[in-house]
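Enquirer: curious how this folds, go ahead:
(2 chains)
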Amino acid sequence: MSTEIFEYAPAPESRAIVNIKSDYGLYINGKWVAPHSKKRFASINPSNEEVLSKVSLADSVDIDKAVKAARAAYNKVWAKMPPKERAKYLFRIARLLQERAREFAVLEALDNGKPIRETRDVDVPLAAAHFFYHAGWADKLEYAGFGANPKPHGVVAQIIPWNFPLLMLAWKVAPALATGNTVVLKPAETTPLTALLFAEVCEQAELPAGVVNIITGDGSTGASLVNHKDIDKIAFTGSTEVGKLIAKAISDRGIPATLELGGKGANIVFDDAPIDEAVEGIVNGIFFNQGHVCCAGSRLLLQESIVDEFVEKLQSRMAKIRVGDPLDKNTDLGAINSSAQLAKIKEMSESGSKEGAQIWSAPCSLPTKGYWFAPTIFTGVTQAHRIAREEIFGPVLSVLTFRTPQEAMEKANNTPFGLSAGVWTEKGSKILWAANELKAGVIWANTFNKFDAASPFGGYKESGWGREGGRHGLAAYIKGAR
Amino acid sequence: MRLDVMKTYKLYIGGAFPRSESGRSYELKDKKGNFIANPALASRKDLRDAVVAARGAFSGWSHATAFNRGQILYRIAEMLEGRSSQFIAEISALEGVGEAAAKKQVQSAIDLWVWYAGWCDKISASAGGTNPIAGPYYNFTIPEPLGVVGIIAEERESLLGLTRGLAPVIAGGNTTVLIASESAPLPAITLAEVLATSDLPHGVVNVLTGKRSELISWLAGHMEVDGLDISGAQKTLDGELKRLGSENLKRIHRFNMDVSPARMLSFMEYKTVWHPIGI
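Expert: Residues are numbered from 1 along each chain as shown, chains lettered A, B, ... in the order given. Next up, the predicted model:
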């Protein structure tokens, strides 16, 4: 099979559509305010290390201001508003996101390093869909199956990661607002810009001041937000390590938390799978978004009889992945989000080689500036290897093998995580059997990495608490709902 | 005259009724100070054994059909009904309530088993469903059992309180390690005898008696326990138990005598399955 890659002329998306300010304040109570610390930090473009803007470092004083604003908005405006009016604000936000979709897509690609093809076709449309979907729930909550009189928590603290900045904002803010809560949202340190642009959308939507507050900062900002005494609920997406710290931090306070944490998803290919489709699915499962995906199919489990054929086809396909400028519409794989994440991926990858697995990387040329890592697979991986147990959060796939379906299930479930799993076979009964056996919150059968506002997402075991999306996701923002 | 044959109250682990491996027991007296029994004082090893038994029983119980689980829960109610007088005697002796109140408690517990028996094959339909996603995929969500759930039974209403905790957990397909009321543990052990004769597979329910102050934190810190019903623990322990449970992100809940499908769902996980639609 040919491993040659077609030459494509560059097809860069223009960045003229975005107007990034040289610096940003904090968005509190409907106003832009300077941070108490007077400190700012740079948000950079990870594909070329260009400084895009300086954003504010919020401290506990700013957080207190934001929580007070959210509390006042909750008491005076949002909780009192007729639900059908609340709904219309969310519909407005959904429409504004659609209208400004290209602007958000370009800004996200710049700030995160992910390819424009993905921000344009996945992140931004899904974010808008999330607001549209939840808007419709706002005045129908008594039909959602959580009792006749569903009640919001009040002020919700929300902390989101850098891998899907705008989309994670939407996953958090849309259900919280639809159910009548107000929010203080902290975007990730390395990807604050689309959240700050979202504040402009709130202004255009004429959302009452204080309903959404956006505070930028680092880990210390997140910790101060978690520890603020007047929040009623926490929603966090990020690492299992930090998730456990949050669970511990709130253990004495009796407030609930939704935690969407790490994963080590198994993508299982049986010998009766449609091989070419499966190869595409495995590639999408691990290289989508540079592998910066908590539900990535980072462990490939291959039935022994098809290993050689499958790995060869996979390598051939990987050699055709286009790595480079995130703003180029041909690009499949963009930049690693930060130097810290790149160092972690390199360290994990080195451990794979040291522990005895065989590494193979796609023969692509990487840009000289910025943070880059070629699509990589390890074969000969055992369950004891770190690359089979720990989340790498990068474009690195670990290949393991199995003989019987039972062995596949045992290996797939042999992890403290339980977020996602994939099953590839043409046999319907085997799909449903595997879906039944796998201990994971999302099972993709003959597909992978699909998301929808109407579909609940979240994990078993140490992948977290609760669900986001769909009817089930509403429970996270309604008192006592399950 | 004839001397009564008194019962030895032991633990219930993996379908067997062992004494504590530690050889420890504690003396139980009725409200008038008369000796009643020496129930086992379970050790940490007993607790670990119970978790192993519960984990071992999980695959079978969680894969049993919902209809089958419902029948077994109903069978528990049938067996309880037949043994009512024994529970009434134990409750009135230990809780110091009159026979009428004890009888009412037993009847309420029986009715609760019947109620949850009926939930076994309805919870998926009521809490699950298909999701109308924007693409050519079939997508559905169902609640599944969580795994091994620890239950700290309510201290008061020794039979009804433990039924409020136990019935929803096993109706949902979980297996469990239950820590009985310390002051009134006998109904829990007698219930274990009911469970042992109700076709409930061994290890689905394991019952420990003893010092709750010891057992509770061992249970909360156990990494093979997935969920914890702390309704029977003192409220002042909530922080400590949640801290211990955070090590493996246990699902920890306290209920205020709730009887509801939401209590079942507290120890279930939603699974969502996608498949493409096409030719």
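Enquirer: neighbours of A:Leu245, how many?
Expert: A count of neighbours around A:Leu245, defined by other C-beta atoms under 10 Å in any protein chain shown, yields 16. For every residue, glycine as well, the C-beta is placed using N, CA and C.
Enquirer: could you check how far it is from B:Lys235?
Expert: Counting by C-beta to C-beta, to the nearest Å, the gap from A:Leu245 to B:Lys235 is 24 Å.
Enquirer: B:Leu94 now?
Expert: Distance of B:Leu94 to B:Lys235, given as C-beta to C-beta: 23 Å.
Enquirer: of these two, which one has the most company?
Expert: B:Leu94 (22 against 9).
Enquirer: next up, the contacts around the single nearest residue of the stretch 51-200 of chain B relative to chain A.
Expert: Proximity of the stretch 51-200 of chain B to chain A (C-beta to the nearest C-beta) peaks at B:Ile133, 3.8 Å away. B:Ile133 makes contact with A:Lys450, A:Asp452, A:Ala454, A:Ser455, B:Asn139, according to C-beta atoms under 8 Å, 6 or more residues apart in numbering or on different chains.
Enquirer: which helix or strand contains the last one?
Expert: If I follow you right, that is B:Asn139. Element membership for B:Asn139 (DSSP states H and E) is strand B:137-145.
Enquirer: okay, the spatially most central residue of chain B: pLDDT?
Expert: Nearest to the mean C-alpha position of chain B, counting by C-alpha atoms, centre = their mean, stands B:Leu166 at 2.9 Å. Note on B:Leu166: pLDDT of 98.
Enquirer: does it touch B:Val205 like I think?
Expert: Yes: at 6.7 Å, B:Leu166 and B:Val205 qualify as touching, with contact defined as C-beta atoms under 8 Å.
Enquirer: who in the stretch 301-450 of chain A is up against chain B?
Expert: Residues of the stretch 301-450 of chain A lying close to chain B by C-beta under 8 Å from any C-beta of the partner chain are A:416, A:431, A:435-436, A:440-447, A:450.
Enquirer: let me know the closest of these to B:Arg83.
Expert: A:Asn436 (36.2 Å; C-beta to C-beta).
Enquirer: what about the closest one, neighbour count?
Expert: Taking other C-beta under 10 Å as the definition, A:Asn436 ends up with a neighbour count of 15.
Enquirer: just the pLDDT for the closest residue to it other than its chain neighbours.
Expert: The shortest distance from A:Asn436 to any non-neighbouring residue, by C-beta to C-beta, 6 or more residues apart in numbering or on different chains, is to B:His63 (7.9 Å). B:His63 carries a pLDDT value of 97.
Enquirer: distance check, B:His63 against A:Trp433.
Expert: For B:His63, the distance to A:Trp433 (C-beta to C-beta) stands at 11 Å.
Enquirer: same check on B:Glu224?
Expert: B:Glu224 is 25 Å from A:Trp433, by C-beta to C-beta.
Enquirer: same check on B:Glu21?
Expert: Going from B:Glu21 to A:Trp433 by C-beta to C-beta gives 39 Å.
Enquirer: repeat for A:Arg482
Expert: To A:Trp433, A:Arg482 is 27 Å away according to C-beta to C-beta.
Enquirer: of those two, who's got more company?
Expert: A:Arg482 (21 against 15).
Enquirer: show me the contacts for the more buried one.
Expert: Residues in contact with A:Arg482, defined by C-beta under 8 Å, 6+ apart, are A:Phe146, A:Ala475, B:Ala127, B:Ala262, B:Leu265, B:Ser266.
Enquirer: one more: B:Ile13?
Expert: B:Asp46, B:Asp49, B:Ala50, B:Ala53, B:Gly203, B:Asn206, B:Val207, B:Leu208.
Enquirer: how many neighbours does residue 16 have?
Expert: Picking chain A for this. Neighbour count of A:Ala16, defined by other C-beta under 10 Å: 7.
Enquirer: hm, I was asking about chain B
Expert: 13.
Enquirer: what's opposite it in the beta bridge?
Expert: With DSSP bridges as the criterion, B:Ala16 is bridged to B:Ile13.
Enquirer: okay, it and chain A: tell me how far apart.
Expert: Going from B:Ala16 to chain A by C-beta to the nearest C-beta, to the nearest Å gives 28 Å.
Enquirer: rewinding a little: name the nearest of the residues of the stretch 301-450 of chain A next to chain B relative to A:Val122.
Expert: Within these, proximity to A:Val122 (C-beta to C-beta) peaks at A:Lys450, which comes in at 10.0 Å.
Enquirer: one step back: tell me which of the residues of the stretch 301-450 of chain A next to chain B fall in strands.
Expert: If you go by DSSP state E, these have A:Val442, A:Ile443, A:Trp444, A:Ala445 in strands.
Enquirer: ok, the third one - contacts?
Expert: Read that as A:Trp444. A:Gly281, A:Gly285, A:Ser420, A:Ala421, A:Gly422, A:Val423, A:Lys450, B:Trp274.
Enquirer: any chance of those residues in TSV, plus pLDDT and secondary structure?
Expert: TSV is the format used below for these (pLDDT from 0 to 100; DSSP: H, G, I helix; E, B strand; the rest coil):
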residue	pLDDT	secondary structure
A:Gly281	98	helix
A:Gly285	98	helix
A:Ser420	98	strand
A:Ala421	98	strand
A:Gly422	98	strand
A:Val423	98	strand
A:Lys450	98	coil
B:Trp274	98	strand
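Enquirer: can you say which of those residues are buried?
Expert: Among the contacts of A:Trp444, the ones that count as buried by 16 or more other C-beta atoms under 10 Å in any protein chain shown are A:Gly281, A:Gly285, A:Ser420, A:Ala421, A:Gly422, A:Val423, B:Trp274.
Enquirer: return the residues in contact with the nearest residue to B:Ala134 once chain neighbours are set aside.
Expert: With C-beta to C-beta, 6+ apart as the criterion, B:Ala134 has its nearest non-adjacent residue at 5.9 Å, and that residue is A:Asp452. With contact set as C-beta under 8 Å, 6+ apart, A:Asp452 has these partners: A:Leu126, A:Ala129, A:Gly469, B:Asn131, B:Ile133, B:Ala134, B:Gly135, B:Asn139.
Enquirer: do the same with B:Trp113
Expert: B:Leu73, B:Tyr74, B:Ile76, B:Ala77, B:Leu80, B:Thr163, B:Ala167.
Enquirer: would you mind measuring from the closest residue to A:Val269 other than its chain neighbours to A:Tyr143?
Expert: Leaving aside its sequence neighbours, A:Val269 sits nearest to A:Trp424 (C-beta to C-beta, 6+ apart; 4.4 Å). Separation of A:Trp424 from A:Tyr143 (C-beta to C-beta) stands at 37 Å.
Enquirer: so for the two, which residue has more residues nearby?
Expert: Taking neighbours as other C-beta under 10 Å, A:Trp424 and A:Tyr143 compare with A:Trp424 leading, 29 against 11.
Enquirer: touching, the more buried one and A:Pro274? I think so.
Expert: Yes: here A:Trp424 reaches A:Pro274: they are 7.4 Å apart, a contact under C-beta under 8 Å.
Enquirer: joint contacts of these two?
Expert: A:Asn446.
Enquirer: centroid residue for chain A?
Expert: With distances taken as C-alpha atoms, centre = their mean, A:Phe164 lies nearest the centre of chain A, 4.2 Å away.
Enquirer: now A:Lys344: how far from A:Val293?
Expert: The gap separating A:Lys344 from A:Val293 is 15 Å, by C-beta to C-beta.
Enquirer: burial measure for the closest residue to A:Leu110 other than its chain neighbours, as a count.
Expert: Spatial nearest neighbour of A:Leu110, excluding adjacent residues (C-beta to C-beta, 6+ apart): A:Asn45 at 5.2 Å. By other C-beta under 10 Å, the residues close to A:Asn45 number 21.
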